[in-house]
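1. Next come a sequence and a model predicted from it.
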Amino acid sequence: MNSLRLVWGMSAAVWLIVIVMACVWWGWPATGVAVLFGLLPDVALIGAFAEQGRMKPSRVRLYNTLHTMTIPIALVVVGVAVFILTGAYESGFWPIALAGLAWFVHVAADRALGFGLRDADGAIIPVG
């Protein structure tokens with residue numbers, strides 16, 4: 001395993017622990033948000049395979065959009081700001097930050113397992 005994949009894996013593990021702690025703290029609603037947004041990026045895979053290991057070129061853009069770090073990091077930043085501004089641990093609105101964090105963990109775990117973005121022809125671009 002190369003060092004880049006190891007860093008992705010460590011990041012996914014650390015943030016997964018934070019998600020589990022948040023789910024324990026906020027209960028079933030947090031668990032629902034974490035599961036939903038943890039699985040969301042793979043919506044792009046439904047009916048997307050042309051052959052084993054290769055996506056239909058028409059679905060590559062959606063897959064790559066859902067598997068970049070831009071959206072989850074933006075959700076985490078906005079979500080943390082909203083959480084703090086609405087009262088933090090006392091009464092803060094946490095779902096946005098938790099959704100971004102779950103999405104981030106999904107993508108980081110994919111990278112740790114060697115699944116990068118997709119090439120225009122639908123093939124996986126390996127990580128590292």
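-> Yes, it's here. Because the structure is a prediction, the values reported are computed rather than measured.
2. where does the chain have low pLDDT?
-> Scanning the chain for pLDDT under 70 picks out the ranges 1.
3. Spell out for me which residue occupies the centre of it.
-> Per C-alpha atoms, centre = their mean, the C-alpha nearest to the average position across the chain is that of residue 103, at 2.2 Å.
4. quick one: which helix or strand includes that residue?
-> helix 95-112 (DSSP states H and E).
5. From residue 19, how far out is residue 66?
-> For residue 66, the distance to residue 19 (C-beta to C-beta, to the nearest Å) stands at 18 Å. The way it works is simple: take the backbone N, C-alpha and C, and place the C-beta from them, glycine included.
6. Which parts of this structure are strands?
-> With DSSP state E as the criterion, the chain has strands at 49-51, 54-55, 115-118, 124-126.
7. Out of these, indicate the one that is most buried.
-> strand 54-55 (a mean of 19; mean count of other C-beta atoms under 10 Å).
8. Could you check how far that one is from the centre of its chain?
-> Remark: strand 54-55 is offset 20 Å from the chain centroid, using C-alpha atoms, centre = their mean, to the nearest Å.
9. try stretch 79-99
-> 19 Å.
10. measure that stretch end to end?
-> Stretch 79-99 has an end-to-end distance of 8 Å (criterion: C-alpha to C-alpha, to the nearest Å).
11. what comes up buried for that stretch?
-> Using 16 or more other C-beta atoms under 10 Å as the test for burial, stretch 79-99 gives 79-80, 83, 94-99.
12. Kindly indicate which of the residues you listed lies nearest residue 62.
-> Nearest to residue 62 among the buried residues of stretch 79-99: residue 99, at 18.4 Å, using C-beta to C-beta.
13. I'd assumed residue 30 was in contact with the closest one.
-> No - using C-beta atoms under 8 Å, residue 99 is not in contact with residue 30, being 10.1 Å away.
14. How about the contacts made by residue 37?
-> 98-100, 102-103, 106 (C-beta atoms under 8 Å, 6 or more residues apart in numbering).
15. Thanks again, I'm all set now.
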